[in-house]
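Asks: model the following, please.
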Amino acid sequence: MRLMFRTKVEGIENIPGSGAVILAGNHLTFIDSMILPLVCDRTVHFIGKDEYVTGKGLKGRVMAWFFTGSGMIPVDRDGANGGVAALMTGRRILEEGKIFGIYPEGTRSPDGRLYRGRTGIARLTLMTGAPVVPFAMIGTDKLQPGGKGMPRPGRVTLRFGEPMEFSRYEGMDRDRYVLRAVTDSVMAEVMRLSGQEYVDMYATKAKAA
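Replies: Predicted structure coming up:
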């Protein structure tokens, strides 16, 4: 895997060596979730579709082996309580002092641009006090356009920013204006790191248009 995706990593020292941390970044294609765990010394736990570990045949078994071993926690995100389950799972991981990875856009970008973040990232950092380390995937969409099919070998960049902390908003995790402000602050840093054009619209809405 490392030979297939030759990854230039910048700012890895910004990830604390211990304690709860939220890694929040852009999401260009399927292989983002394969590259992120490979470059981090600590295990990165993240939410994934349960279909990633329930597939049939050789491909299904390989995917289940990789994602389970790399820290993915399967959740039925399409269910009625999928969003709540994902949030509570993230909170539990952080309260255990681990790393939780999240894509605030909520889905892959349909066109390579950066879309509006959902406020789950803000809820997690305010509920747990965990710092947010923003990151940017660069070039992964060129290796696997549309997130489908076999990815091509090639070079990508994974850039981490400095930790962001929001202790000044402690106890305000139910204030929707605070949640939006915190989320937008994180997305602004992801945009700076990635160089992407920002679209003030949810990616799911753009896909449905």
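Asks: so how far is stretch 173-183 off the chain centroid?
Replies: Computed by CA atoms, centre = their mean, to the nearest Å, the chain-centroid distance of stretch 173-183 equals 19 Å.
Asks: kindly provide the whole-number mean pLDDT of that stretch.
Replies: For stretch 173-183, mean pLDDT is 97.
Asks: repeat that for stretch 20-27.
Replies: Mean predicted confidence for stretch 20-27 is 98.
Asks: tell me the helix or strand right after the helix or strand containing Arg180.
Replies: When elements are assigned from DSSP states H and E, Arg180 belongs to helix 176-194. Downstream of helix 176-194, the next assigned helix or strand under DSSP H and E is strand 198-199.
Asks: how near is Thr140 to Arg42?
Replies: To Arg42, Thr140 is 21 Å away according to CB to CB, to the nearest Å. Heads up, the C-betas are built off the backbone N, CA and C, glycines and all.
Asks: the two: who's more crowded?
Replies: Thr140 (26 against 16; other CB atoms under 10 Å).
Asks: just to revisit the earlier point, check which helices and strands the helix holding Arg180 sits against.
Replies: Under the contact criterion of 3 or more CB pairs under 8 Å, 6 or more residues apart in numbering; DSSP states H and E, helix 176-194 touches strand 21-25, strand 114-115, helix 120-128, strand 132-138, strand 154-160.
Asks: TSV please, covering the ones you listed and showing distance to Glu95.
Replies: Shown next, in TSV, are the helices and strands packed on helix 176-194 (distance: least, CB to CB, whole Å):
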stretch	distance to Glu95
strand 21-25	12
strand 114-115	29
helix 120-128	6
strand 132-138	16
strand 154-160	23
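Asks: shaky segments in this protein?
Replies: 1-5, 49-56, 58-72, 74, 76-82, 146-149 (pLDDT under 70).
Asks: name the residue most distant from the centre of it?
Replies: Centroid-distance maximum for the chain: Gly57 at 27.3 Å, with CA atoms, centre = their mean.
Asks: contacting residues around Leu124?
Replies: By CB atoms under 8 Å, 6 or more residues apart in numbering, Leu124 lies in contact with 22, 87, 90-91, 94, 100, 102, 130.
Asks: one more: Ala206?
Replies: By CB under 8 Å, 6+ apart, the contact set of Ala206 is 110-111, 115, 199.
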